[in-house]
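Student: Test case, fold it:
(2 chains)
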There are 2 protein chains.
Amino acid sequence: MRHKGILVVVSGFSGAGKGTLMKQLVRTYDTYALSVSMTTRAPRPGETDGKEYFFVSQEAFEEKIRGNGLIEYARYCDHYYGTPREYVEKQLQSGRDVILEIEIQGAQKIREQFPSALLLFVTPPSIRELRRRLSGRGTETEEVIAARLVRAQAEAEGIGQYDYLVINDDLDVCVKEMHMLIQGAHRATNRNKELIETIRTQLQELAKGE
Amino acid sequence: MRHKGILVVVSGFSGAGKGTLMKQLVRTYDTYALSVSMTTRAPRPGETDGKEYFFVSQEAFEEKIRGNGLIEYARYCDHYYGTPREYVEKQLQSGRDVILEIEIQGAQKIREQFPSALLLFVTPPSIRELRRRLSGRGTETEEVIAARLVRAQAEAEGIGQYDYLVINDDLDVCVKEMHMLIQGAHRATNRNKELIETIRTQLQELAKGE
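Tutor: Take a look at the predicted model:
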């Protein structure tokens, strides 16, 4: 029944807990592969090359762009961020679902190249909780909070392009729900065109044989 | 989070086990309501009015049609079959998902009136198994099997209009899967437009208040 993996795009409001969710999802079920982005920004303390990001030089990144080696990329705060193509395509071919965290602007680009991609948008359980998370632990300046709010507004405008809203209330429940949505997506008729074609052909052959 | 129920249309090949699946689904989870069709055909031994069907006269059925009291109906082997509107709409309003078994021709009519309906197509696990089920228990005539096969071919042509393929291999697994697909559907962005609008409005108000 299952041939190719699904590319799962995860976006969401700042502080919605995307990163934790995705790590937990990949840890809990063994059918998922986590896509690691490539960036030109310097590693922060505790970050490891190949884990949080692939850290590369600007020249190496631009070389990747020219070689069509990225399925999407963006420039943000003077640094490049992008998704290496090879890993994603290899995992999908092997039948694993690839989980990809991405900004809302990149989601559309992914959809154009991977029409069968599944787009999930993670949101806190309530506006009150969203406000709390946007504000952080009280350690953020007014400016940071205001900037996050502006960004959240832009993100809210783009939710419509996503397939599902994932409400992150309880981590375990939410991970199960993401798993359920991805597994369900494997049953979608538009992701099973070959199977449907096989059913049609074989029914025709059966009818001829009768 | 949940307001309105989803109208779930279940179709599938003859012998795919739709009826058993749906009964088991409604028995296992308490959020579902099973829509009972109305027909002008006579009850068969063991059938109860209001359980398998609502058995009515041709006059009563045509009265229903005129009063827009059916969300779809068809004439088949000189008898009417249709779906009473009132029960479906009342259950959806109360937040319950309504399960409706219907022929493939009716599914399109349902979709036009209920754009948020979820369309599931049930199929046996393999062509071999489909063939076995089309043939029945060896008690069917060649003609009956041939007629079923012709119908199965027509049904196979229409699978594309359904949202999901449900593979009925093991009953319990399949019921869980149907439940998963329906629960997942509640998270679809196109079924949560009001919630998304609320998020947008409240973020705007937050931004003004900051």
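Student: Briefly note if the worst-scoring helix or strand of chain A on mean pLDDT comes near chain B.
Tutor: Scoring the helices and strands of chain A by mean pLDDT, DSSP states H and E places helix A:127-134 at the bottom, with a mean of 80. Yes: on the criterion Cβ under 8 Å from any Cβ of the partner chain, helix A:127-134 is in touch with chain B at A:127, A:130, A:131. From N, CA and C alone the C-beta is placed, and that goes for glycine too.
Student: wait, the second one sits on residue A:124?
Tutor: Read it as residue A:130. Yes: with contact defined as Cβ atoms under 8 Å, residue A:130 counts as touching residue A:124 (4.5 Å).
Student: what's the overlap in contacts for those two?
Tutor: In terms of Cβ atoms under 8 Å, 6 or more residues apart in numbering or on different chains, residue A:130 and residue A:124 are both contacted by the residues A:13, A:15, A:16.
Student: So which of these sits lowest on pLDDT?
Tutor: Scanning the shared contacts of residue A:130 and residue A:124 for pLDDT, the low point is residue A:15. It has 77.
Student: And that one, how far from residue A:145?
Tutor: 10 Å (Cβ to Cβ, to the nearest Å).
Student: Need the residues touching each of these two.
Tutor: Here residue A:15 and residue A:145 have A:134, A:136 as joint contacts, going by Cβ under 8 Å, 6+ apart.
Student: How about the contacts made by residue A:106?
Tutor: A:9, A:72, A:74, A:83.
Student: Repeat that for residue A:52.
Tutor: Listed by Cβ under 8 Å, 6+ apart, the contact partners of residue A:52 are A:36, A:43.
Student: Just the mean pLDDT for the helix or strand containing residue A:165, thanks.
Tutor: Following DSSP states H and E, one finds residue A:165 within strand A:164-167. In this model, strand A:164-167 has a mean pLDDT of 94.
Student: anything in the helix or strand following that strand sitting right up against chain B?
Tutor: Downstream of strand A:164-167, the next assigned helix or strand under DSSP H and E is helix A:171-185. Yes: for a cut-off given as Cβ under 8 Å from any Cβ, helix A:171-185 has contacts with chain B, namely A:177, A:180, A:181, A:183, A:184.
Student: Alpha carbons only: can I get helix A:171-185 in PDB?
Tutor: As requested, the backbone C-alpha atoms of helix A:171-185 are provided in PDB (Å, rounded to 0.1, in the frame of the first residue of the first chain):
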ATOM      1  CA  LEU A 171       2.500  17.800  24.200                       C
ATOM      2  CA  ASP A 172       1.700  14.000  24.100                       C
ATOM      3  CA  VAL A 173      -1.800  14.500  22.900                       C
ATOM      4  CA  CYS A 174      -0.600  16.900  20.200                       C
ATOM      5  CA  VAL A 175       2.200  14.500  19.000                       C
ATOM      6  CA  LYS A 176      -0.400  11.800  18.700                       C
ATOM      7  CA  GLU A 177      -2.700  14.100  16.800                       C
ATOM      8  CA  MET A 178       0.100  15.100  14.300                       C
ATOM      9  CA  HIS A 179       0.900  11.400  13.800                       C
ATOM     10  CA  MET A 180      -2.800  10.800  13.200                       C
ATOM     11  CA  LEU A 181      -3.100  13.600  10.600                       C
ATOM     12  CA  ILE A 182       0.000  12.300   8.800                       C
ATOM     13  CA  GLN A 183      -1.100   8.700   8.800                       C
ATOM     14  CA  GLY A 184      -4.500   9.800   7.600                       C
ATOM     15  CA  ALA A 185      -2.900  11.800   4.800                       C
END
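Student: Name whatever forms a beta bridge with residue A:37.
Tutor: Here residue A:37 sits in beta bridges with residue A:53, as judged by DSSP bridges.
Student: Local confidence estimate at it?
Tutor: Reading off the confidence values, residue A:37 has pLDDT 93.
Student: my guess is it meets residue A:55, correct?
Tutor: No: using Cβ under 8 Å, residue A:37 is not in contact with residue A:55; the gap is 10.2 Å.
Student: what about the two, which has more around it?
Tutor: residue A:37 (19 against 16; other Cβ atoms under 10 Å in any protein chain shown).
Student: how would you label residue A:41: helix, strand or coil?
Tutor: Assigned by DSSP: H, G, I helix; E, B strand; the rest coil, the conformation of residue A:41 is coil.
Student: That one against residue A:82, yeah?
Tutor: No: using Cβ under 8 Å as the test, residue A:41 is too far from residue A:82 to be in contact (11.8 Å).
Student: More neighbours: those two, which one.
Tutor: Ranked by neighbour count (other Cβ under 10 Å), residue A:41 and residue A:82 place residue A:82 first, with 23 against 14.
Student: For chain A, which segments count as helices?
Tutor: Assigned by DSSP state H, the helices in chain A fall at A:18-28, A:58-66, A:85-93, A:104-113, A:127-134, A:142-158, A:171-185, A:193-209.
Student: Residue B:116 is nearest to which of the ones you listed?
Tutor: Nearest to residue B:116 among these is helix A:171-185; the distance by Cβ to Cβ comes to 16.3 Å.
Student: follow-up on the earlier one: turn the residues of helix A:171-185 next to chain B into JSON lines, including pLDDT, neighbour count and distance to residue A:165.
Tutor: Below are the residues of helix A:171-185 next to chain B laid out as JSON lines (pLDDT from 0 to 100; neighbours: other Cβ atoms under 10 Å in any protein chain shown; distance: Cβ to Cβ, whole Å):
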{"residue": "A:177", "pLDDT": "95", "neighbour count": "22", "distance to residue A:165": "10"}
{"residue": "A:180", "pLDDT": "96", "neighbour count": "17", "distance to residue A:165": "14"}
{"residue": "A:181", "pLDDT": "97", "neighbour count": "23", "distance to residue A:165": "10"}
{"residue": "A:183", "pLDDT": "95", "neighbour count": "17", "distance to residue A:165": "17"}
{"residue": "A:184", "pLDDT": "96", "neighbour count": "21", "distance to residue A:165": "14"}
